[in-house]
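Undergrad: sequence and predicted structure are below.
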Amino acid sequence: DWSLVRATDGQSGWVLTRRLRMAIPDEVAQYAEGHRIVSYFSLGSVRDGDQQKDTWLWTTVGDGTRPWDFDSFRVFVWSPRRHRYETEYIERKVIGYSPVEIQQVRFSGGKGKNAPAGEEYAGFSVCVEKKDGQRYRRQYAVLNTVVRFAGEQPCEAPPPVEFGNLAAAPPPAAPAAIQTPRESFSQRVQKRLKGWFGR
């Protein structure tokens with residue numbers, strides 16, 4: 001697999017995916033369970049004494065080649081009581097597509113038509129394909145260290161990456177037929193004599 005990456009200085013290019021290593025802290029990366037971390041994001045932080053610990057969101061994919069970008073996403077929060085990272089939210093066996101977006105999310109604790117409009121919270125959204133074959137951008141609000149589903153709407157597939165106007169390029173020229181040189185009369189006679197006398 002190849003990944004298209006862009007550096008902080010704006011340069012971009014293709015790299016072998018197996019050569020990429022995510023810089024997420026080891027105390028979180030240890031929970032990957034053999035899956036490849038595709039993307040990760042900080043969703044904020046909490047204090048534990050003199051330390052500041054990020055809340056992490058990551059997406060992962062299992063082994064094999066698939067037409068989607070990730071099959072699981074997970075949020076890790078730091079527990080000041082236990083002094084370790086714990087899973088706050090996880091979804092497995094999803095068909096997920098990039099990009100994952102970090103955004104403000106409107107969330108209301110109430111349900112139904114008469115529920116208040118809610119307030120905006122830090123959050124994120126992921127684009128997943130549901131059983132009906134349609135893609136939906138699902139939004140999640142992060143309330144301190146708690147993750148709550150905040151709604152969904154259809155999401156469009158990103159346009160395919162173009163590599164120039166291939167239709168305008170002239171078709172490649174057909175390879176020229178290889179011509180063997182024609183034998184002279186004396187060469188043909190010599191060949192025939194060798195065939196008769198076995199030499």
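TA: Received it, and whenever you're ready, just let me know what you need.
Undergrad: contacts, neighbours, all on C-alpha from now
TA: OK.
Undergrad: mind showing which ranges of the protein have poor pLDDT?
TA: Judged by pLDDT under 70, the chain has its weakly predicted residues at 110-117, 157-182, 195-199.
Undergrad: longest strand anywhere in it?
TA: strand 84-107 (DSSP state E).
Undergrad: could I get the buried residue list for it?
TA: 85, 88, 94-98, 100, 102-107 (16 or more other CA atoms under 10 Å).
Undergrad: what packs against the helix or strand following it?
TA: Next along the chain after strand 84-107, taking DSSP states H and E as the criterion, comes strand 119-129. Secondary-structure packing of strand 119-129 (3 or more CA pairs under 8 Å, 6 or more residues apart in numbering; DSSP states H and E): strand 84-107, strand 135-143.
Undergrad: my guess is Arg106 meets Ala141, correct?
TA: Yes. Between Arg106 and Ala141 there is a contact under CA atoms under 8 Å: 7.5 Å.
Undergrad: list residues touching both of the two?
TA: By CA atoms under 8 Å, 6 or more residues apart in numbering, Arg106 and Ala141 have these common neighbours: 121, 150.
Undergrad: the protein: strands as residue ranges?
TA: Under DSSP E, the chain gives strands at 2-6, 12-16, 36-48, 51-61, 70-79, 84-107, 119-129, 135-143, 146-154.
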